[in-house]
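Asks: no sequence for this one, just the structure:
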């Protein structure tokens, strides 16, 4: 794929993400993407054959970007600083009721029950891998204490996932988010006093 084609595909993914954020998954059609991108139907179908393929590509790209950012940061910054940054980003997403992909992901999962486990599992596992690397880095640098980095990473992801669902269903306050994120940090940080 040439540079121009890669740019076009990237543009389509960025635009599709905005459409999924705005409308969820079940209400998005290929026509919506065509109109948002201001391209021909044939131009879109050169790259993607369905809204499902588009959503999965958007989610894959998000997971890869997250992994890249935190893998690079682990080598340059302190683990505690990176974890703090990660949790601040999660907080922003949790408190932003409309501008995230959470609803689209769950709509897709419920509509495609046979595929949901794969997609949601990949997304969850990607987050666990990033957090596990980060916790291991913090242990190596003496910032964190943790006997089971994988278990701690899983636990953090379960807490974040639960808060995502709660934010979309019952609502969640900043104080509730802060309490859980502080608990996560306190569970890992070595007391320097």
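Replies: Good, I have the coordinates. As the structure is a prediction and not an experimental result, all values here were calculated from the model.
Asks: and residue 21, how many residues sit next to it?
Replies: 17 (other Cβ atoms under 10 Å). The way it works is simple: take the backbone N, C-alpha and C, and place the C-beta from them, glycine included.
Asks: just how off-centre is the host helix or strand of it within its chain?
Replies: Remark: residue 21 resides in helix 3-23, with elements defined by DSSP states H and E. A distance of 17 Å separates the centroid of the chain from that of helix 3-23, by Cα atoms, centre = their mean, to the nearest Å.
Asks: And the next helix or strand past the one helix or strand residue 53 maps to?
Replies: Using DSSP H and E, residue 53 maps to helix 51-76. For helix 51-76, the following helix or strand on the C-terminal side (DSSP H and E) is helix 79-95.
Asks: ok, and the closest residue to residue 94 other than its chain neighbours, which helix or strand is that part of?
Replies: Sequence neighbours aside, residue 167 is the residue nearest to residue 94 in space, at 4.9 Å (criterion: Cβ to Cβ, 6 or more residues apart in numbering). Applying DSSP H and E as the criterion places residue 167 in helix 149-169.
Asks: What are the neighbouring residues in contact with residue 28?
Replies: Contact analysis of residue 28 by Cβ atoms under 8 Å, 6 or more residues apart in numbering lists 19, 20, 51, 104.
Asks: do that again at 7 Å, thanks
Replies: 19, 20, 51 (Cβ atoms under 7 Å, 6 or more residues apart in numbering).
Asks: How about the secondary structure of it?
Replies: coil (DSSP: H, G, I helix; E, B strand; the rest coil).
Asks: and the gap between it and residue 149?
Replies: In this view, residue 28 and residue 149 are 38 Å apart by Cβ to Cβ, to the nearest Å.
Asks: Give the burial count for residue 143, as a bare number.
Replies: Neighbours around residue 143, by other Cβ under 10 Å: 18.
Asks: If I look at it, what pLDDT would I see?
Replies: Per-residue confidence (pLDDT) for residue 143: 92.
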